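1. structure, please.
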Amino acid sequence: MAEDSNKICKDIESHHVHLCTLTEEGRKEMVACLSGRAEYKCGNCGAKANFATNLCDPVQLPEIDWMGDGADNINLEGHCR
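-> Next up, the predicted model:
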């Protein structure tokens, strides 16, 4: 029960547009649209969203540049450059 006390929505008036609510309602297309280029993560449930306004406890994700995973060395045909 104490765990739930840490999970409080910080914008209860907009809770109807938060990803947790939309997911519970089964609105998968809307959730996909609002999370395709995620820049924020919910501190409560871990959902990722494009905008902080779609999360109960938004935390900005760090910017990620080149990761060095080799993906930049593969062209669309799947051949190494």
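2. report the contact partners of residue 39.
-> Neighbouring residues of residue 39 by CB atoms under 8 Å, 6 or more residues apart in numbering: 49, 50, 51, 60, 61. Placement of C-beta: from N, CA and C, glycine included.
3. and the fourth one, how many residues sit next to it?
-> Think residue 60. Neighbourhood size, residue 60 [other CB atoms under 10 Å]: 9.
4. show me where this protein has its strands.
-> 40-42, 48-49, 58-60 (DSSP state E).
5. could you count how many residues lie near residue 9?
-> 16.
6. how about it: what's its closest non-neighbour residue?
-> Using CB to CB, 6 or more residues apart in numbering and skipping the chain neighbours, the partner closest in space to residue 9 is residue 56 (4.0 Å).
7. burial measure for the one you found, as a count.
-> Residue 56: 21 surrounding residues under other CB under 10 Å.
8. surely it meets residue 10?
-> Yes: with contact defined as CB atoms under 8 Å, residue 56 counts as touching residue 10 (6.2 Å).
9. of the contacts of residue 39, which is the nearest to residue 22?
-> Of all the contacts of residue 39, residue 22 sits closest to residue 49, with 9.9 Å by CB to CB.
10. hang on, the earlier thing: and the strands of the chain: which comes nearest residue 32?
-> Judged by CB to CB, the one of those that comes nearest to residue 32 is strand 48-49, at 11.0 Å.
11. what pLDDT does residue 6 get?
-> Model confidence at residue 6, given as pLDDT, is 57.
12. go on, the one 5 residues further on?
-> According to the per-residue confidence, residue 11 scores 92 in pLDDT.
13. remind me which residues of the chain are low pLDDT?
-> By pLDDT under 70, the low-scoring segments of the chain are 1-6, 64-81.
14. please name the nearest non-neighbouring residue to the spatially most central residue of it.
-> Nearest residue to the geometric centre of the chain (CA atoms, centre = their mean): residue 48, 0.9 Å. In space, and not counting its chain neighbours, residue 48 is closest to residue 38: 3.6 Å by CB to CB, 6+ apart.
15. list the contacts of residue 22.
-> For residue 22, the contact set (CB under 8 Å, 6+ apart) comprises 30, 31, 34.
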